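Participant: Okay, here's the prediction I keep looking at, along with the sequence it came from:
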Amino acid sequence: MTGLLSDVGLLAGRSVRRTFRQPALVVPTIVFPLFLLAVNASGLASATKIPGFPTHSYLDFAITVPFMQGALFASTTAGTEIANDIETGFLNRLQLTPLRGTAILTGQMAGAVLLAFVGALIYLAVGLIAGVSIATGVGGALVLLVLAVLIAVGFAAIGALLATRTGSSQAVQGMFPLIFVLFFLSSMSMPRNLIGVDWFRTVATWNPISYLVEGLRSLVIAGWDGAALAKGFGAALAITVLASLAAAASLKTRMART
Amino acid sequence: MTALASTLHVAAALMRRSAKYTFKNPALLVPSLLFPLIFLIGFAGGLSSVGDVPGFSFPSGYTAFQFVFVFLQSAAFGGVFNGFGIAMDFESGFARRIMLAAPHRFGMIVGYLGSSLVRYAVTGTFVTVAALIGGMQVDGSAVDLVGLVGLGLIVNIAATLWAAGLAMRARTVQAGPAMQIPIFLILFLAPVYVPLDLLQGWIEGVASWNPVTAIVEAGRGFISGQPAHVALAFGCGAALAAVLMAWAVTGLRRAEREV
């Protein structure tokens, strides 16, 4: 067990250093979601006048979106880094060591997940400074961070899966629009019951991302909502477990082939 | 061969090559088709109830309201994506060879503009068909729609010149984010979700001074058959294009000196 942790630690350290040494990766991950939050919170402020809208502040409603965008960036960051290691032959060299597949995957995702966590802290701090009030208080803010990190782990695992399946950083980047579509086809910008287009509402209801967003959002605008949190944590856990298992299986196949 | 003929010769060759490269390379073509579609679905579908906000009275409905923004956005990003190709040409050394061969290098800018217009035509048609399939209501006349296409054309030209100027200065694909981000910012600092008079807070002030606001509002006027701010919109677009033409030409001159 100590050996496994040590292996993971070595790879995680490398992954963290590699991620945080790239300003071109770090800065957009932090700044871009905050810019969109600023634009949307102001541009869609009048949406709170729609009858039945759950809050009087669109900023409170939208503050969870940056956390989701941070998770989206985690998927491409983790995927691209792993794919780069496959392309450059680093993974082949790792096979000559006693490192196990789980250690490789967990370690490789560390940089992306830590970046998502740092991003989440900044989004929360900026949101609070801008006037977001969290209905569940300090405890809710902590749960929000935990759920945000769990979501980031799940998406990083999806990135890892794409990387181990394709072995190409270009292919991982190319999948970005598809994941992006899933974000748009959710209740990210409007509560599900207020989505006017029927097919969109149906897709949003089937889309697990809606439940991730709603779990995070419930902590900010609704107070302690057990059902929303259970669905949010359940969806995040399911994505994490399924994507990690699939990525591990895919890595095993790739390592056997090499 | 006269100077004009020589310029056009270079432009036609570059335009053909660039267009062929784009359409033979799905990794370049698909994102420029997919992203506007995602925005159209996300905005017109997911936010359709914003059309019910008190005071929102766009006659052609929320899909048409959002379509205009997405259409202009796709025109702008057609130019930006073309900028990636220009940067790649410099990175790969192709631009150096064409500079050696071309007697009138301004033809390079004209050629890149031409290939960008081809891209605009394809993505614009794609987004329009998608919006019509999605039930978009068009109340403008044929003349109004020509006005909308004209606005898209100016936006496409301005964005291409911006990206070309930057690509010729940086001469690396790594300049991609620097090409995209200012375009993204200026577009999203316009009235994206609701008309200008329904905006609140800081964005209302910023959008009032943003030249893209006039272009977006004129486009919405065209599609609803109630043209507004037309002269201002075309004036802003033409001014932007003129300034960015100077930016692109000075970028070309710098590349000539340094490559």
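Facilitator: Nice, I can see it.
Participant: Give the burial count for B:Arg257, as a bare number.
Facilitator: Using other C-beta atoms under 10 Å in any protein chain shown, B:Arg257 is surrounded by 7 other residues. Placement of C-beta: from N, CA and C, glycine included.
Participant: From the contact counts, what lies against the longest helix anywhere in chain A?
Facilitator: Counting by DSSP state H, the longest helix found in chain A is helix A:226-257. Helix A:226-257 is packed against helix A:101-130, helix A:137-166, helix A:208-217, with contacts defined by 3 or more C-beta pairs under 8 Å, 6 or more residues apart in numbering or on different chains; DSSP states H and E.
Participant: now that helix and helix A:101-130, what's the angle there?
Facilitator: 140 degrees (axes from the mean of the first three to the mean of the last three C-alpha atoms, to 10 degrees).
Participant: Run through the residues that contact the residue in the stretch 1-150 of chain B that chain A sits nearest to.
Facilitator: Residue nearest to chain A within the stretch 1-150 of chain B: B:Gly42 (3.4 Å; C-beta to the nearest C-beta). Contacts for B:Gly42 (C-beta atoms under 8 Å, 6 or more residues apart in numbering or on different chains) come out as A:184-185, A:189.
Participant: wait, which of those residues is closest to B:Ala255?
Facilitator: A:Phe184 (38.1 Å; C-beta to C-beta).
Participant: Report the secondary structure element holding the residue nearest the centre of chain A.
Facilitator: Geometric centre of chain A, nearest residue: A:Ala71, 1.7 Å, by C-alpha atoms, centre = their mean. Using DSSP states H and E, the element containing A:Ala71 is helix A:64-88.
Participant: now swap in A:Thr29 and tell me
Facilitator: helix A:23-43.
Participant: residues in contact with that helix?
Facilitator: Outside helix A:23-43, the residues that touch it by C-beta under 8 Å, 6+ apart are A:19-20, A:58-59, A:62-63, A:65-66, A:69-70, A:73, A:77, A:115-116, A:118-119, A:122-123, A:126-127, A:130, A:189, B:174, B:177, B:185, B:188-189, B:191-194, B:199-204.
Participant: For the nearest residue in space to A:Ser15 that is not next to it in sequence, give me its contacts.
Facilitator: Leaving aside its chain neighbours, A:Ser15 sits nearest to A:Gly111 (3.7 Å; criterion: C-beta to C-beta, 6 or more residues apart in numbering or on different chains). Listed by C-beta under 8 Å, 6+ apart, the contact set of A:Gly111 reads A:12, A:15-20, A:77-78, A:81.
Participant: Looking at neighbours, which among those residues is most surrounded?
Facilitator: Of the contacts of A:Gly111, A:Ala78 is surrounded by the most neighbours, 34 neighbours in total, counting by other C-beta under 10 Å.
Participant: count of neighbours near the closest residue in space to B:Gly134 that isn't next to it in sequence?
Facilitator: Spatially, and ignoring its direct neighbours in sequence, B:Gly134 is nearest to B:Thr63 (6.0 Å; C-beta to C-beta, 6+ apart). Residues within reach of B:Thr63, counting by other C-beta under 10 Å, total 22.
Participant: give the contact list for B:Thr63.
Facilitator: With C-beta under 8 Å, 6+ apart, B:Thr63 has these contacts: B:44, B:48, B:131, B:134-137.
Participant: Also B:Leu40?
Facilitator: Here B:Leu40 is in contact with B:66-67, B:70, B:127, B:130-131, B:134 (criterion: C-beta under 8 Å, 6+ apart).
Participant: For it, give me the pLDDT.
Facilitator: What the model reports as pLDDT for B:Leu40 is 91.
Participant: Show me what counts as buried in the helix or strand containing it.
Facilitator: Assigned by DSSP H and E, B:Leu40 belongs to helix B:26-40. Buried residues in helix B:26-40, counting neighbours by 16 or more other C-beta atoms under 10 Å in any protein chain shown, are found at B:28-29, B:31-40.
Participant: what would the helices and strands packed on helix A:226-257 look like in JSON lines with mean pLDDT?
Facilitator: Shown next, in JSON lines, are the helices and strands packed on helix A:226-257 (pLDDT from 0 to 100):
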{"stretch": "helix A:101-130", "mean pLDDT": "91"}
{"stretch": "helix A:137-166", "mean pLDDT": "94"}
{"stretch": "helix A:208-217", "mean pLDDT": "96"}
